[in-house]
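> Need a 3D model of the following:
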Amino acid sequence: MKITVKTGRITEEAADTLLLSHWEDETRFAGHTAEVDAVLRGRLGELLKTQEFSGRHGQISVLHVAPGERLRAKRIVLVGLGKRADSSLEKIRRAMGTAAKAIRELGAKSIVTPVHGMARSGQSRPNGPKEAGRIQVEAAAQAMVEGALLGLYQFNAYRTERNGAVKVITSMTVVVDRDSMKAQAEHGARWGQTIAEATSYVRDLCNHPANVMTPSYIANESKMMAKKLQMRCTVLDRADMERLGMGAMLGVARGSHEPPKFIVLEYRGGPSAQRPVALVGKTVTFDSGGISIKPADNMEQMKADMTGGADVLAAIRAAARMRLPLNIVAIIPATENMPGGSATKPGDVLTSLSGKTIEVINTDAEGRLILADGLTYAIRYHPEVLVDIATLTGACVVALGNVAIGVLGNNQPLIEELKEAGEQAGERAWQLPLWEDYYELIKSDVADVKNTGGRPGGTITAAAFLSKFVGNATWAHLDIASTDWSDKEKAYIPKGPTGVGARLLIQFLRNRALGKGRGLSRPGRVGVIGKGRELSRPGRAGVTGKGRVLSRPGRAGVNDKTRISGLRQTAGANGGKASRKVSKSQAAQKRARPGERRLLLSRRRAGG
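Below you'll find the model as predicted:
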């Protein structure tokens with residue numbers, strides 16, 4: 001849909017539909033609605049007098065413009081915003097989502113609308129900026145565009161019988177009164193469109209069936225994105241993972257005929273010395289549960305078990321499109337979890353990339369296994385902060401219902417950052433404890449750790465497991481299993497995959513780009529790693545040869561089969577190259593280590 005912001009008078013704009021709003025329990029119209037009512041000689045006001053329309057949140061009324069009336073719109077749609085005292089950005093999103101769908105059902109192709117929901121000067125907003133004036137215009141315009149686009153989302157890729165009859169709104173024009181408001185509204189609308197498109201992108205990826213949305217599909221999608229947006233992309237295949245020793249990731253992939261892919265995207269928008277934000281997303285393109293197979297009921301929803309990886313992909317894409325001044329690394333371990341003759345069995349022991357051994361108690365607790373290797377790989381970049389996001393545990397649904405995202409971690413300021421971003425984005429997160437007592441539940445009798453602590457505190461013990469693989473990184477975990485799928489349509493949430501997490505991550509990145517990290521080093525500062533060592537400077541240029549890239553194992557550019565053998569990551573204070581070849585004698589010494597002998601045993605178990 002084309003989004004336009006212009007200065008003008010709402011009564012003079014031509015469109016199929018003019019969208020107006022009203023606050024609940026206010027007996028008179030105000031602002032643009034009052035202006036239009038005057039042109040119509042009180043016809044809108046009659047709706048209030050007869051109590052046909054009260055302004056209840058999400059309420060819709062339609063009034064057709066009669067011949068001779070001095071309006072260029074064909075019809076007027078009134079949407080209720082609820083009580084003014086309860087106004088928030090989320091209320092605007094939901095009202096716009098509801099209104100946009102109602103307008104589409106009327107067969108309209110175009111919408112003209114003023115900016116809705118701005119609080120009076122100096123009035124606070126419970127779910128948004130508290131400043132008056134221009135900031136409110138920007139925030140309201142963003143929420144409007146977000147809500148409308150998300151509400152209008154449709155997935156019709158596989159519908160062959162009705163695609164010709166699908167109703168589509170092609171344009172929305174936001175009209176402001178003064179030139180001083182236009183730039184703010186334009187900026188908000190642009191962000192709203194970017195965030196809505198990112199969320200719709202996640203929904204699309206998760207709506208595609210698993211026989212289409214394979215790990216290879218996601219890898220190809222990542223490479224095309226990197227080329228278009230001048231990012232760096234590396235895709236490791238099974239052989240590369242075996243060389244690195246990703247026993248946890250490979251253990252999950254063993255039962256599937258679809259080859260696993262370990263995808264790394266690097267966006268550099270900040271200074272070369274700035275430590276990156278690392279995002280890791282669980283990407284199980286279909287989760288049958290493996291040998292610990294799931295019940296048949298609702299198993300088709302497991303095509304969306306890749307939502308975390310899709311969120312990470314969408315977030316780094318949005319950051320590149322909006323040119324955020326940050327360095328970002330996105331880690332996307334993609335695989336299926338299937339039963340089979342070579343599948344990992346309960347009781348097996350896997351050796352992860354970190355060298356830690358994992359006893360597999362339940363093969364349906366697979367997401368934390370691929371995240372273990374993903375997190376271990378991510379800390380090689382010495383990130384300023386490390387965030388993973390995953391549809392990880394059914395226990396999160398039990399704990400929080402289908403309303404909130406679970407958040408846990410080892411750094412309270414980072415957790416507060418994510419919670420604040422969630423409040424702003426309309427994807428609220430609730431913190432769960434990560435006390436030492438819970439670690440007792442994941443102790444193994446035969447390995448360093450076991451992959452599940454049972455049903456009690458399942459979301460917490462899953463996070464406790466992940467914490468074993470983050471080293472000294474500042475880390476937080478987002479469990480979106482409670483909110484990634486909706487059984488019914490809501491204001492701007494469709495039935496099926498919701499795309500949850502993308503808006504939170506994008507807002508989180510946007511806040512950090514603005515220097516709003518709470519108690520953490522701000523973007524642009526040189527980070528300190530370990531014992532006073534600074535981050536090594538980036539290596540060679542990336543996809544286009546123009547953008548600087550983050551240091552990492554492997555070669556520059558977009559590759560599907562990066563040569564990993566004989567490479568190691570360095571981050572010395574001398575600012576040398578990020579990766580260098582290891583001598584034959586060093587490689588021989590490495591092969592002789594006891595830990596490496598355990599790794600070889602794990603590889604044989606993984607069928608590699």
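> what secondary structure does the nearest residue to L375 once chain neighbours are set aside sit in?
Once flanking residues are discounted, L375 sits nearest to F469: 4.5 Å by C-beta to C-beta, 6 or more residues apart in numbering. Glycine gets a C-beta too; all of them are placed from N, C-alpha and C. Under the three-state scheme (DSSP: H, G, I helix; E, B strand; the rest coil), F469 adopts coil.
> Looking at this protein, which helix is longest?
When the chain is parsed with DSSP state H, its longest helix is helix 179-207.
> Now do that one, average pLDDT.
Average pLDDT, helix 179-207: 97.
> so how far is S354 from the residue nearest to L375?
F469 sits 5 Å away from S354, taking C-beta to C-beta, to the nearest Å as the criterion.
> Same check on T199?
33 Å.
> Also V77?
Distance from V77 to S354, by C-beta to C-beta: 56 Å.
> one step back: what is in contact with F469 and S354 at once?
Overlap of the contact sets of F469 and S354 (by C-beta atoms under 8 Å, 6 or more residues apart in numbering) consists of 372-373, 376.
> in this structure, which strand has the most residues?
Of all the segments of type strand in the chain, defined by DSSP state E, the longest one is strand 327-337.
> need the next SSE after it, C-terminal direction.
Per DSSP states H and E, strand 327-337 leads on to strand 349-351 as the next helix or strand towards the C-terminus.
> related to what we said a few turns ago, among T199 and S354, which residue is more densely surrounded?
In this view T199 and S354 are compared by other C-beta atoms under 10 Å, and T199 has more residues nearby, 29 against 23.
> Against A425, how distant is the more buried one?
T199 is 10 Å from A425, by C-beta to C-beta.
> can you check S482 too?
According to C-beta to C-beta, S482 stands 16 Å off from A425.
> Same question for M241.
Going from M241 to A425 by C-beta to C-beta gives 34 Å.
> Ok, A502 next?
Plainly put, A502 is 9 Å away from A425 if you go by C-beta to C-beta.
> Would you mind grabbing the residues shared as contacts by those two?
Residues touching both A502 and A425 (C-beta under 8 Å, 6+ apart): I195.
> Can you pick out the residue with more neighbours from the two?
More crowded of A502 and A425, by other C-beta under 10 Å: A502, with 31 against 27.
> Next up, the contacts around H116.
19, 21, 79, 81, 92, 95-96, 140, 144.
> Tell me which helix or strand L18 sits in.
Going by DSSP H and E, L18 is in strand 15-22.
> so what secondary structure elements neighbour that strand?
On a contact count with 3 or more C-beta pairs under 8 Å, 6 or more residues apart in numbering; DSSP states H and E, strand 15-22 meets helix 31-39, strand 73-80, helix 89-105, strand 110-114.
> what's the average pLDDT for the first one?
Averaging the model's pLDDT scores along helix 31-39 yields 95.
> do the same with the shortest one
Averaged across strand 110-114, pLDDT comes to 97.
> Same check on the third one?
Averaging pLDDT along helix 89-105 gives 97.
> CA atoms of that helix as PDB?
In PDB, the C-alpha atoms belonging to helix 89-105 read as follows (Å, rounded to 0.1, in the frame of the first residue of the first chain):
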ATOM      1  CA  LEU A  89      -0.200   4.100  21.000                       C
ATOM      2  CA  GLU A  90      -1.600   0.500  21.300                       C
ATOM      3  CA  LYS A  91      -5.100   1.800  21.300                       C
ATOM      4  CA  ILE A  92      -4.400   3.700  18.100                       C
ATOM      5  CA  ARG A  93      -2.900   0.600  16.400                       C
ATOM      6  CA  ARG A  94      -5.900  -1.500  17.300                       C
ATOM      7  CA  ALA A  95      -8.400   1.100  16.200                       C
ATOM      8  CA  MET A  96      -6.600   1.600  12.900                       C
ATOM      9  CA  GLY A  97      -6.400  -2.100  12.300                       C
ATOM     10  CA  THR A  98     -10.100  -2.500  12.900                       C
ATOM     11  CA  ALA A  99     -11.000   0.500  10.800                       C
ATOM     12  CA  ALA A 100      -8.800  -0.500   7.900                       C
ATOM     13  CA  LYS A 101     -10.400  -4.000   7.700                       C
ATOM     14  CA  ALA A 102     -13.900  -2.500   7.800                       C
ATOM     15  CA  ILE A 103     -13.000  -0.100   5.000                       C
ATOM     16  CA  ARG A 104     -11.500  -2.900   2.900                       C
ATOM     17  CA  GLU A 105     -14.700  -4.900   3.300                       C
END
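> what about stretch 328-344, how long is it end to end?
The first residue of stretch 328-344 is 33 Å away from its last residue (C-alpha to C-alpha, to the nearest Å).
> V387 against A473, yeah?
No. Using C-beta atoms under 8 Å as the test, V387 is too far from A473 to be in contact (10.0 Å).
> Give me the common contacts of those two.
Common contacts of V387 and A473, defined by C-beta under 8 Å, 6+ apart, comprise A278.
> For these two, work out which one has more neighbours and name it.
Here V387 and A473 are compared on neighbour count by other C-beta under 10 Å; more neighbours surround V387, at 27 against 20.
> Spatially central residue in this structure, please.
A502 (2.1 Å; C-alpha atoms, centre = their mean).
> what's it in contact with, if anything?
Contact analysis of A502 by C-beta under 8 Å, 6+ apart lists 195, 198-199, 201-202, 310-311, 314-315, 318.
> Top of those residues by number of neighbours, please.
In terms of neighbours by other C-beta under 10 Å, the contacts of A502 top out with D311 at 36 neighbours.
> Now do the same contact list for that residue.
Shown in contact with D311 (C-beta under 8 Å, 6+ apart): 202, 281, 389, 480, 499-502, 505.
> helix, strand or coil for V62?
From three-state DSSP, the assignment for V62 is strand.
> do the same with R243
helix.
> Against G496, how distant is it?
Using C-beta to C-beta, R243 is found at 39 Å from G496.
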